Every structure is written in structure tokens, then in C-alpha cells.
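Peer 1: all I have is the shape, not the residue letters:
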């Protein structure tokens, strides 16, 4: 079973970004999904408009990881508020890389929390 943890990074401007992995939607999905070790994870940039208006929220992104470790087919599956953090979340996740694996793995889910101090 994959480890589930919460990682919080404070960005220089006093904004916080949290990675909170979510569980697969079924036990079968958890058993079929190989745990992939990240080699590069970058925090998304806090959108300027959201920062100016003091908007906080989250996006949930599903994605696949190719055998060579690149993120594929990233898509926002939930957002609160809608449309505010989608682009920043997708840009960050699409730049993540993982250790190579024998095959592509699908069904990865990541929730990104955007919060101001």
C-alpha cells in the first residue's frame, strides 16, 4: 500500500502550498497502482489574481506516469473554487518526474492545497 503523507512548503512570499495525496477510489485501484518515487516535484506558483484577492482553495489532479517517469494526461478532476488554481496546478504537475518503471502506471491522484498565511 502506498504511503500517504502531507508535505507543506512555505514560499518566500508567505504563501503555503500543500501536497495531500488522496487515496485511489477503490481497493482494486490501490493494488493495481505501483508506487512511483518522485525525482523532481515543484510547487505550483500561486496565481497573482488569487493572491491579490486573498483567495485560497485546492485542485485535484489525476495523471499517468510513463515508463520513463514523465507525467502524462494530467487533468483537473475537482477544483474549489473552480477555474482559479487549475492552470497553476496542471503546470506544476506536468513538470514533475518520477523514477523509471517497467511500464506506464495510471490512476495517480494528487490534491494541491493553496493557502495564504
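Peer 2: Looks like it arrived, so ask away. Keep in mind it's a predicted model, so treat the numbers as computed, not measured.
Peer 1: what lies in contact with whichever helix or strand residue 73 is part of?
Peer 2: According to DSSP states H and E, residue 73 maps onto strand 71-80. Under the criterion Cβ atoms under 8 Å, 6 or more residues apart in numbering, residues 57-66, 85-86, 89-90, 93-98, 104, 109 lie in contact with strand 71-80. Using the backbone N, CA and C atoms, a C-beta is placed for each residue, glycine as well.
Peer 1: from those residues, which land in helices?
Peer 2: 86, 89-90, 93-94 (DSSP state H).
Peer 1: out of these, which end up buried?
Peer 2: Neighbour counting by 16 or more other Cβ atoms under 10 Å classes 89-90, 93 among the ones in helices among the contacts of strand 71-80 as buried.
Peer 1: now do the strands in this structure.
Peer 2: Secondary structure of the chain (DSSP state E): strands at 7-10, 15-21, 38-40, 57-65, 71-80, 97-98, 105-116.
Peer 1: turn these into CSV, columns for mean neighbour count, distance to residue 46 and mean pLDDT.
Peer 2: Listed next are the strands of the chain as CSV, based on neighbours: other Cβ atoms under 10 Å; distance: least, Cβ to Cβ, whole Å; pLDDT from 0 to 100:
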stretch, mean neighbour count, distance to residue 46, mean pLDDT
strand 7-10, 12, 11, 36
strand 15-21, 17, 5, 50
strand 38-40, 11, 20, 95
strand 57-65, 20, 11, 97
strand 71-80, 15, 15, 97
strand 97-98, 18, 22, 96
strand 105-116, 18, 6, 94
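Peer 1: grab the nearest non-local neighbour of residue 36.
Peer 2: Spatially, and ignoring its direct neighbours in sequence, residue 36 is nearest to residue 98 (4.3 Å; Cβ to Cβ, 6 or more residues apart in numbering).
Peer 1: can you count the residues close to residue 99?
Peer 2: A count of nearby residues for residue 99, using other Cβ atoms under 10 Å, gives 11.
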